[in-house]
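Colleague: using only what follows, build the 3D model:
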Amino acid sequence: PQAHQKIIIGGPMMGYTLPALDVPVVKATNCILVPQAAQAAAPEMNCIRCSACVDACPANLLPQQLYWFAKGGDHQKSKDYHLFDCIECGCCAYVCPSNIPLVQYYRVEKAQIQQSEQEAKQAKIAKDKFEARQARLEAAKQARRQRQERSNKERTTTSAQQDLIAAAIARAKAKKSPAPTEAAVPPATPDRNERLQAALERAKAKQKRNSRDEDS
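Modeller: Residues are numbered from 1 along each chain as shown. Prediction:
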């Protein structure tokens, strides 16, 4: 086949067109079609709402509605109308008088829905991880704050206890050291007074003798 020629794998109804020719042939490869230019399908036309696809669908789906939802990108409506119940048999596309490749639209819509769901799942996982990380950081922050508060409280208690101990030691030292007193003055006794009086009289007598000697 030529490089620009269309290659279909899987048969005329359930098959799919290869995007390129450089693909291997595997065990599951079957019914390879190489249509000629004269055998090419007629161009796609607008839907005439004949409902022939509805009558041909073996899964009792609404191919016409699924076609509109897939073409408009309404993923939620496509899921509501059971797009994933489609077995991609190709009956609807075969009987379509407008030559609309309905199965191709369904496949693209399924792939887009799966991709969006995968992205949403990854986003949820990332969000859960972020929230879990924020919770861990907040818990660690709270634990550090509590440890800091306990440490400050212990330091305050220790400082107060040290002040009380220092005050008690100071009081004990004050009690042990005697208070300073004035120099003790020996009390005056009668014997001492007599000795002082005798010394005074001797001094006076000596002074008188000295005075008489000077006069003579």
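Colleague: how far does stretch 8-25 sit from the chain's center?
Modeller: Relative to its chain's centre, stretch 8-25 lies at 47 Å (CA atoms, centre = their mean, to the nearest Å).
Colleague: please point out which parts of that stretch sit buried.
Modeller: By neighbour count with 16 or more other CB atoms under 10 Å, stretch 8-25 contains the buried residues Ile9, Gly10, Gly15. Bear in mind the C-beta positions are built from the backbone N, C-alpha and C, glycine included.
Colleague: how about stretch 78-91?
Modeller: For stretch 78-91, by 16+ other CB under 10 Å, it's Ser78, Tyr81, Leu83, Cys86, Glu88, Gly90, Cys91.
Colleague: which ones among those residues map onto helices?
Modeller: Within the buried residues of stretch 78-91, residues falling in helices by DSSP state H are Ser78, Cys91.
Colleague: closest to Arg136 among the buried residues of stretch 78-91?
Modeller: Ser78 (39.8 Å; CB to CB).
Colleague: verify the contact between the closest one and Leu66 for me.
Modeller: Yes - if you go by CB atoms under 8 Å, Ser78 and Leu66 touch, sitting 6.2 Å apart.
Colleague: shared neighbours of those two, anything?
Modeller: Common neighbours of Ser78 and Leu66, using CB atoms under 8 Å, 6 or more residues apart in numbering, are Glu109.
Colleague: ok, back up a step: need the buried residues of stretch 8-25 in JSON lines (columns: secondary structure and pLDDT).
Modeller: Below are the buried residues of stretch 8-25 laid out as JSON lines (DSSP: H, G, I helix; E, B strand; the rest coil; pLDDT from 0 to 100):
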{"residue": "Ile9", "secondary structure": "strand", "pLDDT": "82"}
{"residue": "Gly10", "secondary structure": "coil", "pLDDT": "81"}
{"residue": "Gly15", "secondary structure": "coil", "pLDDT": "76"}
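Colleague: pLDDT on the helix or strand containing Glu149, on average?
Modeller: If you go by DSSP states H and E, Glu149 is part of helix 102-176. The average pLDDT for helix 102-176 rounds to 88.
Colleague: show me what secondary structure element comes after that helix.
Modeller: Immediately after helix 102-176, counting by DSSP H and E, sits helix 190-215.
Colleague: report the buried residues of that next one.
Modeller: Result for helix 190-215 [16+ other CB under 10 Å]: no buried residues.
Colleague: that helix packs against which elements?
Modeller: The contact analysis (3 or more CB pairs under 8 Å, 6 or more residues apart in numbering; DSSP states H and E) places helix 190-215 against no helix or strand.
Colleague: gap between that helix and the chain center?
Modeller: With CA atoms, centre = their mean, you get 111 Å for helix 190-215.
Colleague: break the protein into its domains for me.
Modeller: 1-40, 43-125 (automatic domain parsing).
Colleague: what is the neighbour count of Cys31?
Modeller: By the measure other CB atoms under 10 Å, the count of residues near Cys31 is 12.
Colleague: tell me the contacts of it?
Modeller: Contacts of Cys31 by CB under 8 Å, 6+ apart are Ile9, Gly10, Gly11, Gly15.
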